[in-house]
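Q: Need a 3D model of the following:
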Amino acid sequence: MRILVVEDAADLAEAIVLRFRRSGHALDRAASGEEAIEFLEGNTYDLVILDIMLPGMDGYAVLRALRLRHDTTPVLVLTARAEIDDRVSALDIGADDYVTKPFDFRELEARARALLRRRQGIASGVTEHGNLTFDRSSRRVTVGGDPIVLPNREFRILEIFLGNLGRVITKDDITDQLYGFDDAPGPNAIELYIARLRKKLKGSSVTIRTLRGIGYVADLEG
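A: Just a heads-up that it's a prediction; the model follows:
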């Protein structure tokens, strides 16, 4: 999934980016509200992690601008303000959830996973697709009860396909959700990941077909 982190504290922003990239997500980072608006106007994100206390245009203003143009991207607010009024204000403006600083990264990741599931219309972190079970929180995949080992990017590609069964997914769609601006893929990287994923899914109820010149589609058999 592609995530925008809006945080002016460089150390914290880098820690968040690194943490989510290790899980296979694509991350972009904005250090100000104005920069965040530029990112949001030119790109599509699955989640925005938004600090409230930003230089210049603050997080409230970013959130208002986002919702005024009817952008429904989930927003997870970071706030150092413990007062209930501040948290209520963020939720009323259009935030989907919040985390109060200082926070435990495990909580941040759990709340982010919940918002990403909601965006996909998935209520639980564990879903079953025929004989394939996909656990987003533990990052565990089994086929017929037997675990298969998927590195981060293969896991995220499978997540993309499972959230779009029967729909055509282009190479660019996958690239946009796996890589940020400063993390471009090498030549044929997507094809290589999908080829590896197909081999590991052999015998599962999920198959991935290539539509030449168009993209890929995942089907659920039986």
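
Q: where are the low-confidence patches of this structure?
A: Applying pLDDT under 70 to the chain picks out residues 82, 123, 187, 222.

Q: Give me the domain ranges for it.
A: The chain breaks down by automatic domain parsing into domains covering 2-119, 126-220.

Q: Just say which of those domains is most tucked in.
A: Among the domains of the chain, domain 2-119 has the highest mean neighbour count (mean count of other C-beta atoms under 10 Å), at a mean of 17. Every residue, glycine included, has its C-beta placed from N, CA and C.

Q: Isn't Met57 up against Ala31?
A: No. Met57 is not in contact with Ala31 according to C-beta atoms under 8 Å; the separation is 11.6 Å.

Q: would you list every one of the strands in this protein?
A: 2-6, 26-30, 47-51, 75-79, 97-100, 126-129, 132-135, 140-143, 146-148, 168-169, 206-211, 215-220 (DSSP state E).

Q: how about these in TSV, adding distance to Ala195?
A: What follows is these, written out as TSV (distance: least, C-beta to C-beta, whole Å):
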stretch	distance to Ala195
strand 2-6	23
strand 26-30	21
strand 47-51	29
strand 75-79	34
strand 97-100	37
strand 126-129	20
strand 132-135	18
strand 140-143	17
strand 146-148	15
strand 168-169	15
strand 206-211	10
strand 215-220	11
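
Q: Give me the longest helix you can find in the protein.
A: Secondary structure assigned by DSSP state H gives helix 105-119 as the longest helix of the chain.

Q: Report the contact partners of Leu108.
A: Ile16, Arg19, Ile49, Leu76, Val99 (C-beta atoms under 8 Å, 6 or more residues apart in numbering).

Q: Make sure the second one is actually in contact with Phe105.
A: To tie it back to what came earlier, the one meant is Arg19. Yes. Counting by C-beta under 8 Å, Arg19 touches Phe105, with 5.6 Å between them.

Q: now the contacts of Leu108 as TSV including distance to Arg167?
A: Listed next are the contacts of Leu108 as TSV, based on distance: C-beta to C-beta, whole Å:
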residue	distance to Arg167
Ile16	30
Arg19	30
Ile49	27
Leu76	26
Val99	32
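
Q: Quick check: beta-bridge partners of the closest residue to Ala90 other than its chain neighbours?
A: The shortest distance from Ala90 to any non-neighbouring residue, by C-beta to C-beta, 6 or more residues apart in numbering, is to Val77 (4.7 Å). Beta-bridge pairing of Val77, defined through DSSP bridges, involves Leu50, Tyr98.

Q: Now do stretch 142-158: distance to the chain's middle.
A: Taking C-alpha atoms, centre = their mean, to the nearest Å, the mean C-alpha location of stretch 142-158 is offset from the chain mean by 17 Å.

Q: Endpoints of stretch 119-132, how far apart?
A: End-to-end distance of stretch 119-132 (C-alpha to C-alpha, to the nearest Å): 22 Å.

Q: can you check stretch 27-46 too?
A: Note: stretch 27-46 ends 10 Å apart using C-alpha to C-alpha.
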